[in-house]
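Pasted the sequence and its predicted model underneath.
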Amino acid sequence: MASASPQPLRLGLVSFAWTNQHNGGLRSHVRDMAHKLAAQGVQVHVFCVNTDPAAKPFETSGWSEGEIQVQSMNYAYHDLRTFYDFQHVPQASVVLSDWAQRLQLQLVDIHHNLFIGMGVIPTLAALVPTVVTLHDYWPLDPRGQLFPPNGEPHEQLTRMQWEAGAQLTWPTVFERSQASAHYLNHQAADLQQAWVTYSQRTLAASQLLITPSKASANIFRGNGITGPIEVIENGINTAGLHNAIRNEWLPPPAADSKIRLALPGNIAPSKGQLAFCKACLDSDLADRLEVHLYGSFPSTYHGDPTPQDELRTLSANHPDTLL
């Protein structure tokens, strides 16, 4: 008797960004990975979030995209009061538990915990092997980048830096968090310690953590994230990109013309455009380069307008180099 063919892996892929509602690098990465896995015979089940504030909280809907099954949950932090509510979303854990058990998932990869909270990790890990991909530093800093106001990024934020950023971005939530903790403990709250400790505890329940670089893995370890971490670097199809650009070229520019560089993507100091543009203004380079920035340009970076204003000023003062 012929042996039965192996059943395909049933994978749950959790990311708030899947639909056009959240365009960006995370969405494109998750979609690319999901479709490639589905093409290899994996049963891919996606869990995403609808953040329309008018939608009924925690109501779900489902649909198919080719071989991929998608379930969406409505949630827009409508009940947000303190920083703890960013990390602890009990109803999301209930919905995700039901999803994982109903589909009999064999593996879950959480690609970003925004809108579902860190508390869902031990809940899912108790049901099915769970991997958490750490795309940014949100488990360490609610601003996601370890980027203090008016300063350079740090591998470890001081309490003062952490609180300055949090207060700048969510002043009302910051005040509520301070008042709530003081009421319970009768002392000044260390909100950074509470945030990081909760992340440490919940991430410890995951069977594996994934980061995109050795440097980021070391930063997580340096901030007390002690679980097993595997580095999987983000890949770019440079050959395909090069060929696509060549197909767009018109007749080649004159040999003595400037080198034209394009920087696509959301414009923010964490993406490096400001630092790159400053370097391009070096006296040995400025006359030879023409830098074009393409992408959304928020007026502030997590509430801080300083780096965005600086880049605008540079562009205004050097219109022949920064466009």
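Yep, that arrived. Numbering: from 1, shown residues only.

how about the residue nearest to residue 136 when sequence neighbours are not counted, what does it touch?
Of all residues not flanking residue 136 in the chain, residue 144 sits nearest, at 4.5 Å (Cβ to Cβ, 6 or more residues apart in numbering). (C-beta placed from N, C-alpha, C; glycine too.) Counting by Cβ atoms under 8 Å, 6 or more residues apart in numbering, residue 144 touches 136-138, 270, 302.

what about the residue nearest to residue 125 when sequence neighbours are not counted, how many neighbours?
Leaving out its chain neighbours, the residue that sits closest to residue 125 by Cβ to Cβ, 6+ apart is residue 205, at 4.3 Å. Counted with other Cβ atoms under 10 Å, the neighbours of residue 205 add up to 18.

my guess is residue 205 contacts residue 129, does it?
No: contact criterion Cβ atoms under 8 Å: residue 205 and residue 129 do not qualify, at 11.1 Å.

Pop out the phi and psi values for residue 172.
phi -70, psi -40 (degrees, to the nearest 10).

That one and residue 163: what is the separation?
When distance is defined by Cβ to Cβ, to the nearest Å, residue 172 is 15 Å away from residue 163.

Looking at these two, which is more packed in?
Remark: of residue 172 and residue 163, residue 163 carries more neighbours, 19 against 10, as counted by other Cβ under 10 Å.

residues contacting that one?
So residue 163 contacts 174, 191-192 (Cβ under 8 Å, 6+ apart).

That one: which element?
Following DSSP states H and E, one finds residue 163 within helix 159-169.

In that helix, which residues are buried?
Residues 161-169 are the ones in helix 159-169 that count as buried (16 or more other Cβ atoms under 10 Å).

TSV please, covering those and showing pLDDT and distance to residue 49.
Formatted as TSV, the buried residues of helix 159-169 follow (pLDDT from 0 to 100; distance: Cβ to Cβ, whole Å):
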residue	pLDDT	distance to residue 49
161	94	29
162	94	26
163	94	28
164	93	29
165	92	24
166	92	22
167	92	26
168	90	25
169	90	20
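
and which of those is nearest to residue 26?
Residue 26 lies nearest to residue 169 out of the buried residues of helix 159-169, by Cβ to Cβ, at 19.1 Å.

List the buried residues of stretch 32-40.
Neighbour-count burial for stretch 32-40 flags 33-34, 37-38 (criterion: 16+ other Cβ under 10 Å).

Of those, just say which sits nearest to residue 274.
Nearest to residue 274 among the buried residues of stretch 32-40: residue 33, at 29.8 Å, using Cβ to Cβ.

Make CSV out of the contacts of residue 163 and add neighbour count and pLDDT.
Listed next are those as CSV, based on neighbours: other Cβ atoms under 10 Å; pLDDT from 0 to 100:
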residue, neighbour count, pLDDT
174, 21, 92
191, 22, 93
192, 21, 94
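
Which of these fall within helices?
Taking DSSP state H, the ones among the contacts of residue 163 that sit in helices are 174, 191-192.

Check for me that residue 52 belongs to a helix.
No: under DSSP: H, G, I helix; E, B strand; the rest coil, residue 52 falls outside any helix and is assigned coil.

Quick check on it: phi, psi?
When read as degrees, to the nearest 10, the backbone of residue 52 gives phi -70, psi 120.

and it, how far is that from residue 312?
31 Å.

where does this protein have low pLDDT?
1-5, 181-188, 235-242, 244-246, 248-256 (pLDDT under 70).

Tell me where it has strands.
With DSSP state E applied, the chain shows strands at 10-14, 43-50, 60-65, 68-74, 107-110, 130-133, 208-211, 229-231, 259-264, 289-294, listed in chain order.

Which stretch among the ones you listed approaches residue 276 most closely?
strand 259-264 (6.8 Å).

Pull up the pairing partners for that closest one, direction included.
Based on DSSP bridges, the pairing partners of strand 259-264 within the sheet are strand 289-294 (parallel).
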